[in-house]
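> Here is a sequence together with a model predicted from it:
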Amino acid sequence: MCAGLTYFVLKLLFKLDWTISLISAVLTTTILLVILKKQILEELTEYRKNNRLTVFCTLLISFSALHITNYELNLSTLLYFPILALPHLSSGFIFSLARLESGIIFSIGLHILNNALFAFPLLFVN
């Protein structure tokens, strides 16, 4: 979750390139994991186990919010963001359920299939 939020802030607010944002997010998360003591990590793990629904909803909304970068940012985009985010929210929900029920590989495959379904016809258009 820390990596996703770091990526979102760097990409959206600071308008950095996606590769720089991704590398920075991974480094930030790694540094935090090294700095945090085992006790804090155990407390975070315990919180995640006790509050699965809250963590699930937070990550789902974060997934949808990250996709705002697919659109040009202006006032109308921000006003209509709840409508624009609805497809990402529903697909994130489906991918998350697939992850919980069948594992991460199945969820990633489903995400690839979803993206390919819409990208494949573009290969045949000028």
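Perfect, I can see it now. Numbers count the residues shown, from 1 in each chain.
> Quick one: the helices in the protein, in order.
2-8, 18-35, 38-50, 52-66, 75-79, 81-102, 104-119 (DSSP state H).
> So what touches the fifth one?
Identification of contacts with helix 75-79 by CB atoms under 8 Å, 6 or more residues apart in numbering yields I68, Y71, L84. C-beta here means a position set from N, CA and C on the backbone, and glycine is covered the same way.
> again with the third one
When contacts are defined by CB under 8 Å, 6+ apart, helix 38-50 is touched by residues L33, V55.
> Let me know the angle separating that helix from helix 52-66.
90 degrees (axes from the mean of the first three to the mean of the last three CA atoms, to 10 degrees).
> Using PDB, write down the CA coordinates of helix 38-50.
Written as PDB, here are the backbone C-alpha positions of helix 38-50 (Å, rounded to 0.1, in the frame of the first residue of the first chain):
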ATOM      1  CA  LYS A  38       9.700  -6.100  13.600                       C
ATOM      2  CA  GLN A  39       7.200  -5.100  16.200                       C
ATOM      3  CA  ILE A  40       5.700  -2.400  14.000                       C
ATOM      4  CA  LEU A  41       5.500  -4.800  11.100                       C
ATOM      5  CA  GLU A  42       3.700  -7.300  13.300                       C
ATOM      6  CA  GLU A  43       1.300  -4.600  14.500                       C
ATOM      7  CA  LEU A  44       0.500  -3.700  10.900                       C
ATOM      8  CA  THR A  45       0.000  -7.300  10.000                       C
ATOM      9  CA  GLU A  46      -2.300  -7.800  12.900                       C
ATOM     10  CA  TYR A  47      -4.300  -4.600  11.900                       C
ATOM     11  CA  ARG A  48      -4.600  -6.000   8.400                       C
ATOM     12  CA  LYS A  49      -5.900  -9.300   9.700                       C
ATOM     13  CA  ASN A  50      -8.400  -7.700  12.000                       C
END
